[in-house]
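*Asks:* Turn this into a structure:
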Amino acid sequence: MSLKFTALEVGSGDAFLLEDENRKILFDSGGSKNKIVALLRKKGITKIDLAICSHNDVDHANGFIGLLESVDYDIDEIWLPGTWATILKYVRDNGIFPEEIEWIVNTTKDLKEKNCNDVIFRDGEDSVSDLFDKESIESIEDFDDGLSYFSELIDSDLYDSMNRRYLHYEYYYRLRQNDEMRCECLSLLKLDRIIKICGLAYQKGSKIRWFEPVKGCPINIVDRGFVALNSHEMCRIQKFKNAQSFAKFFTLTIENECSLVFEYWEKDTPIIRFSADSDCTCQSKPYTNNIIITAPHHGSDANAIVYTTIQGKDIIWVRSDRKSSKRPCADFKNQLNRYCLACRNGNFKSEIQFEFQGNKWQHKSGNNCTC
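*Replies:* Sure thing, here's the model as predicted:
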């Protein structure tokens, strides 16, 4: 069996499957806990060798909960955003009902009367890095040994009451500028999803590895054929300076920007680039083969910079997610070789599949984009 790439039809979101005769790799998992389970069962897949969760958004991460909850599925190894480890360490060390979560909720409820610039950090005194102590304080190995805390928590009544009371706040704030409506999303990182994925992975005995977003283009070779473009594997965890720093972290719109971006290599050549929701333009080398690149943020105009900045020839662009009146953007539609799982003017959705044969990708099924 040659290497096969599939953009799975999971309703909303991203879920990409790589498979050969020896391995099954899942990059993101879509927004439905049940749909990804049913799709993999239909393909006869009951074990994932490697799962990669790019970030915490529901349409990328929620399916992993369904897989980890199912008794029929095993995940050998899962790679998670390093920011989760920092968040979970704080929750573990400071008790399950930290006062700062109330601070977050009360702050976001008052945002209607405030300007976004008063809340979201811009270039100035405060930045994300200012929220952390400069010294690392705990090894990843020690932290992983303590994940049983979250495993026990999700099986308790305490988790259910906490989930209802604290962990389900998301606030959308609209600001009119230059006669155009912009949407600023103050998205509180859903702690329930982070806790559940980590706790269930611990219960399953999955090996967990953490990847911390970094600025610039570090180009870190990991293993299993993957190269990290905007992150490095963590060995130690930083801590938040104080409760207010923890709370401020949740009101920053950094989830998409910091979502993990990887290349997958065959021998000495990158043949797939998983963009997640990031507009990262780092690349290991100019793409000279017919590399597959997943459209960042489902083809959103906010990420259009990648289509003109990433260098390469014969690029195959693949856009997942549901049908949308706003996506894909014009820059995606200007690409010659593009595929949509669901076109805006189409009446059906179909998974997209390629096979890597003779050092080239061969299109096997799915829609050419007609948006």
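*Asks:* Can you identify each of the helices in the stretch 51-200 of the chain by residue range?
*Replies:* Secondary structure of the stretch 51-200 of the chain (DSSP state H, counting those that start in this stretch): helices at 58-69, 82-94, 99-109, 140-145, 148-154, 157-165, 191-204.
*Asks:* of all these, which lies closest to residue 241?
*Replies:* Taking CB to CB, helix 82-94 is the member of the helices of the stretch 51-200 of the chain nearest to residue 241, at 10.6 Å. Using the backbone N, CA and C atoms, a C-beta is placed for each residue, glycine as well.
*Asks:* helices or strands next to the closest one in the packing?
*Replies:* With contacts defined as 3 or more CB pairs under 8 Å, 6 or more residues apart in numbering; DSSP states H and E, helix 82-94 has these neighbours: helix 140-145, helix 148-154, helix 191-204, strand 207-213, strand 236-237, helix 243-250.
*Asks:* winner for burial among those?
*Replies:* helix 191-204 (a mean of 22; mean count of other CB atoms under 10 Å).
*Asks:* Next, the contact list for residue 231, please.
*Replies:* Contacts for residue 231 (CB atoms under 8 Å, 6 or more residues apart in numbering) come out as 82, 211, 212, 213, 214, 218, 220, 260, 261.
*Asks:* Can you tell me the closest non-neighbouring residue to it?
*Replies:* residue 211 (4.2 Å; CB to CB, 6 or more residues apart in numbering).
*Asks:* Then residue 12?
*Replies:* Spatially, and ignoring its direct neighbours in sequence, residue 12 is nearest to residue 31 (4.3 Å; CB to CB, 6+ apart).
*Asks:* State the phi and psi torsions of the one you found.
*Replies:* With angles defined as degrees, to the nearest 10, residue 31 sits at phi -90, psi -10.
*Asks:* so what's it scoring on pLDDT?
*Replies:* The model reports residue 31 with a pLDDT of 95.
*Asks:* I'd like the distance between it and residue 215.
*Replies:* Residue 31 sits 29 Å away from residue 215 when distances are taken as CB to CB, to the nearest Å.
*Asks:* Look at the two and report which has more neighbours.
*Replies:* The residue with more neighbours, out of residue 31 and residue 215, is residue 31; 22 against 9, by other CB atoms under 10 Å.
*Asks:* what about stretch 307-324, how long is it end to end?
*Replies:* 19 Å (CA to CA, to the nearest Å).
*Asks:* brain fart, stretch 308-321
*Replies:* The first residue of stretch 308-321 is 22 Å away from its last residue (CA to CA).
*Asks:* can you give me how far it is from the chain middle?
*Replies:* Offset of stretch 308-321 from its chain centre (CA atoms, centre = their mean, to the nearest Å): 19 Å.
*Asks:* For residue 55, which non-adjacent residue is closest in space?
*Replies:* Residue nearest to residue 55 in three dimensions, not counting chain neighbours: residue 259, with 3.7 Å by CB to CB, 6+ apart.
*Asks:* does the one you found count as helix, strand or coil?
*Replies:* Using DSSP: H, G, I helix; E, B strand; the rest coil, the structure places residue 259 in coil.
*Asks:* likewise residue 10?
*Replies:* Following three-state DSSP, residue 10 is assigned to coil.
*Asks:* For residue 262, name its beta-bridge partners.
*Replies:* Judged by DSSP bridges, the bridge partners of residue 262 are residue 228, residue 274.
*Asks:* Now do it, the pLDDT please.
*Replies:* 97.
*Asks:* For residue 267, the count of nearby residues, please.
*Replies:* 7.
*Asks:* Identify the residues contacting it.
*Replies:* Contacts for residue 267 (CB under 8 Å, 6+ apart) come out as none.
*Asks:* Sketch out the low-pLDDT regions of the chain for me.
*Replies:* 1, 96-127, 164-189, 250-253, 347 (pLDDT under 70).
*Asks:* I'd like to know how many residues surround residue 260.
*Replies:* Residue 260 has 28 neighbours, counted by other CB under 10 Å.
*Asks:* hmm, back to that, how much space separates the residue nearest to residue 231 from residue 142?
*Replies:* Distance from residue 211 to residue 142, by CB to CB: 18 Å.
*Asks:* Mind putting the contacts of residue 231 into TSV with distance to residue 247?
*Replies:* Listed next are the contacts of residue 231 as TSV, based on distance: CB to CB, whole Å:
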residue	distance to residue 247
82	20
211	24
212	21
213	20
214	24
218	29
220	31
260	24
261	28
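*Asks:* Return the closest of these with respect to residue 303.
*Replies:* Residue 303 lies nearest to residue 261 out of the contacts of residue 231, by CB to CB, at 11.3 Å.
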